[in-house]
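J.: I need the structure of the sequence given here:
(chains A and B)
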Amino acid sequence: MGIESSCDETAIAVLADGREVLSNVISSQIEVHKVYGGVVPEIASRHHLNNIPFVFEQALEEAGVSLDEIDEIGVTAGPGLAGALLMGTAFAKAVCAAADKPLVGVHHIQGHIMANLLEHPDLKPPFLALVVSGGHTHLVEVQGYNTFRILGATRDDAVGEAYDKVARVLGLGYPGGPKIDKIAKEGDPHAIEFKRVYLEQGSLDFSFSGTKTAVINYLHKEEQGGRPVNAADVAASFQEAVVEVIVNKAMMALDLTGYNGLAVAGGVASNSCLRERLQKACEKRGAHFYIPSPIFCTDNGAMIAAAAYHKAREGHFATLHLDVWPGLNLESGLDKLEQ
Amino acid sequence: MPHRPVILAIETTGPLASVALSGVQGPVEGQERLEEGVLELVNQTHYSHLEEIAPMVKEILQTAGMQPEELDAIAVSRGPGSFTGIRIGMATAKAFAQVWNKPIVCVPTLASFAFLDADPQAIEGFPAGRDPLICPLFDARRSQVYAGVYRPGCKDAVLADGAYDVPDYLEKLGALLGDANAAVFFGDGCDAYRETLENSGLPHVFAPQHVKFQLAHADLKLALELYKEGKQTDCYNAQPEYLRLAEAERKLKAGALRKMP
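T.: Next up is the predicted model:
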């Protein structure tokens, strides 16, 4: 069983043999937070608390198993919103204490990466992963199921964050990613050439705040000049700038590491433009391309269960004293989950 | 002999996490506070609830030599208090109740202070000839306290639970105290507003350290009353009592937050 509550999704799933998804229940709070234009941590925590017993019961029911049949329980213990992480973790620990089950603490990004294993039986570490979500933009060398090396990360906004902010200034509302993706399909991606930020030569780090600011400045300028703005063109051009950088950096990472395959993970991996462009770029160079179905890209319990399954096989268990770690580092912080 | 309900109480709304269990057949080694079959474990490390509470639930059953099957209900301190603390206790209680298939008794946290194992009149400095009123005060920030007023051993409030401005609370308390009563202040509000309380001119004492904060044995005593009255719920319906909206909700209602499209 995998339990995830690091942001605004209360999600619990049951897997058989670490791969076969018996249930994958996701209770989303998007509607709750929409009115605030983003996730409000205190409200998210309150909703997690109310939702979690229902999600837990439904996950077992849909899987057609009893709690007795569950071998291990994995839970996201970081990174994420502290109060939100607390709910899944407090609940998971009490379930494990009550039912004498082994507990596995999972890093949220580890979960996103391992979501790729659900549908790709041939994929095994080591491999290269690109993690793109509301809170993270990472290029990661997956050296083992519980060993990661971060090759590059964002220095400012995560890609999903930049999408949300641009969507806000365009008046598209929250969450920004899907809205920009949709409207961009009707726009010209080369209408405006927004700044692409590649940082210093050879760097695999990302920076999206410059591109975001370029969009905001453009909108101000057009407004002051009294010119009407074509939101679809702006969205398409912004997306083009962001996707171009991500794809090029991912290909550069393949060059530098010598891996012949890329696994993509995280909520922004649902973005249709990014999926398509990454796939094409991989095909062009004959590299394998792995990406989970959209349902496993969003925050979900199945990915946590998949990660927990492999951690458990290697003996990486947590104790009932497991704490939450809102800023947990993927490369150096995993030991904290075993204290 | 009538069956005395066996209840396990969970308290995490204040600085100290604690658990208590009724129906324990004494004596239990190393437990001095075992009275009327009630056992209590208190973790003295402030605010380490998440790490400690689930192990503490297991530990108290082990110490008492009891099995989950023997429990009639799980009680949980429902708040007010620290929002995070309330939720840790509530999530923990819900999970234990769900797995063990037990009802939940939600205990009003402020009222639990009326059930503390402590004689207010024996507190040093308690004004002679007056009756005690139990005054739990939790620091609610923004110059407020979550507070109520109770008589010892009685769960019905003399002054209803609420988020009060400190001067407003003291004014209401003063009217209740009159010539016959004296206040006993409990909770972390004692520290946050100590000077204001000391200078209030009201007859009062501060609770001694060992019973100053929320404790599970008091929740348990109140839970036993509530249980006998049939006031139990389940893991799906157990509700926390924050006594305050989330900041963003408050702003939205006040119109201070711009509505998103």
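J.: all strands for the stretch 201-339 of chain A, in order.
T.: A:261-265, A:288-290 (DSSP state E, counting those that start in this stretch).
J.: do the same with the stretch 101-250 of chain B
T.: Under DSSP E, counting those that start in this stretch, the stretch 101-250 of chain B gives strands at B:104-107, B:131-139, B:144-149, B:159-165, B:181-186, B:204-206.
J.: And B:Gln67, what's its pLDDT?
T.: In this model, B:Gln67 is scored at 97, pLDDT.
J.: these two touch, right, it and B:Gly23?
T.: No: with contact defined as C-beta atoms under 8 Å, B:Gln67 does not count as touching B:Gly23 (11.6 Å). Bear in mind the C-beta positions are built from the backbone N, C-alpha and C, glycine included.
J.: mind listing the helices in the stretch 1-150 of chain A by residue range?
T.: With DSSP state H, counting those that start in this stretch as the definition, the stretch 1-150 of chain A shows helices at residue ranges A:30-34, A:41-63, A:82-99, A:108-119.
J.: most residues in a single helix of chain B, which one?
T.: Ranked by number of residues, the top helix in chain B under DSSP state H is helix B:83-100.
J.: how about that helix, does it reach chain A?
T.: Yes: against chain A, helix B:83-100 shows contacts by C-beta under 8 Å from any C-beta of the partner chain at B:83-84, B:87-88, B:90-96, B:98-100.
J.: quick one: which of the strands of the stretch 201-339 of chain A is nearest chain B?
T.: For chain B, the closest of those is strand A:261-265, at 27.4 Å, according to C-beta to the nearest C-beta.
J.: now for that closest one, which elements pack on it?
T.: Here strand A:261-265 touches helix A:108-119, strand A:127-132, helix A:231-257, helix A:272-285, strand A:288-290, going by 3 or more C-beta pairs under 8 Å, 6 or more residues apart in numbering or on different chains; DSSP states H and E.
J.: count of residues packed around residue 235?
T.: I went with chain A, as the question did not name one. 28 (other C-beta atoms under 10 Å in any protein chain shown).
J.: Not quite, go with chain B.
T.: 25.
J.: Which pLDDT does the model give it?
T.: At B:Cys235, pLDDT is 98.
J.: likewise A:Gly173?
T.: For A:Gly173, pLDDT reads 85.
J.: Then the one 4 residues further on?
T.: pLDDT, A:Gly177: 89.
J.: Quick check, it in contact with A:Lys165.
T.: No: taking contacts as C-beta under 8 Å, A:Gly177 lies outside contact range of A:Lys165: 11.2 Å.
J.: neighbour-wise, which of those two wins?
T.: More crowded of A:Gly177 and A:Lys165, by other C-beta under 10 Å: A:Gly177, with 25 against 19.
J.: And the more buried one, its phi and psi?
T.: phi -50, psi -60 (degrees, to the nearest 10).
J.: State the distance from it to A:His138.
T.: As judged by C-beta to C-beta, to the nearest Å, A:Gly177 and A:His138 stand 17 Å apart.
J.: what's the helix or strand for B:Ile60?
T.: Element membership of B:Ile60, judged by DSSP states H and E, is helix B:49-64.
J.: Could you pull up the residues touching the residue of chain B found nearest chain A?
T.: In chain B, no residue comes nearer to chain A than B:Ala95, which is 3.4 Å away by C-beta to the nearest C-beta. Contact analysis of B:Ala95 by C-beta atoms under 8 Å, 6 or more residues apart in numbering or on different chains lists A:53, A:56, A:90-95, A:98, B:235.
J.: follow-up on the earlier one: which among the residues of helix B:83-100 next to chain A end up buried?
T.: With burial judged by 16 or more other C-beta atoms under 10 Å in any protein chain shown, the buried subset of the residues of helix B:83-100 next to chain A is B:83-84, B:87-88, B:90-96, B:98-100.
J.: so how many other residues sit close to whatever residue of the stretch 51-200 of chain A ends up closest to chain B?
T.: Going by C-beta to the nearest C-beta, chain B is nearest to A:Ala94 of the stretch 51-200 of chain A, at 3.4 Å. By other C-beta under 10 Å, 26 other residues sit near A:Ala94.
J.: hang on, isn't it packed against B:Met56?
T.: No: counting by C-beta under 8 Å, A:Ala94 does not reach B:Met56; the two are 10.9 Å apart.
J.: Let me see the contact set for A:Arg19.
T.: Counted by C-beta under 8 Å, 6+ apart, A:Arg19 has contacts A:117-118, A:121, A:306, A:309.
J.: Go ahead and flag the most central residue of chain A.
T.: Geometric centre of chain A, nearest residue: A:Gly266, 2.6 Å, by C-alpha atoms, centre = their mean.
J.: Got phi/psi on that residue?
T.: Torsion angles, degrees, to the nearest 10, at A:Gly266: phi 100, psi 160.
J.: I'd like the domain boundaries of chain A, if you could list them.
T.: With domains defined by automatic domain parsing, chain A comprises A:2-112+A:296-338, A:124-292.
J.: Looking at these, which is nearest to B:Phe126?
T.: Nearest to B:Phe126, of all the domains of chain A, is domain A:2-112+A:296-338, at 38.7 Å by C-beta to C-beta.
J.: Around chain A, pick out the residues from chain B.
T.: Applying C-beta under 8 Å from any C-beta, we find that chain B lies next to chain A at B:50-55, B:57-58, B:68, B:83-84, B:87-88, B:90-96, B:98-100, B:235-236, B:239-240, B:242, B:246-249, B:252, B:257, B:259-261.
J.: And the helix or strand of chain A with the lowest mean pLDDT, how far out from the chain middle?
T.: Each helix and strand of chain A was given a mean pLDDT (mean pLDDT, DSSP states H and E); the minimum falls on helix A:30-34 at a mean of 88. Between the centre of helix A:30-34 and the centre of its chain there are 18 Å (C-alpha atoms, centre = their mean, to the nearest Å).
J.: now do stretch A:154-172
T.: Distance of stretch A:154-172 from the chain centroid (C-alpha atoms, centre = their mean) equals 15 Å.
J.: Any part of that stretch near chain B?
T.: Yes: with C-beta under 8 Å from any C-beta as the measure, stretch A:154-172 is seen reaching chain B through A:168, A:171-172.
J.: quick one: which of the residues you listed has the most company?
T.: Most surrounded of the residues of stretch A:154-172 next to chain B: other C-beta under 10 Å gives A:Leu172, at 20 neighbours.
J.: Could you pull up phi and psi at that one?
T.: Torsion angles, degrees, to the nearest 10, at A:Leu172: phi -90, psi -20.
J.: close enough to count as contact, A:Glu57 and B:Gln98?
T.: Yes: with contact defined as C-beta under 8 Å, A:Glu57 and B:Gln98 form a contacting pair (7.4 Å).
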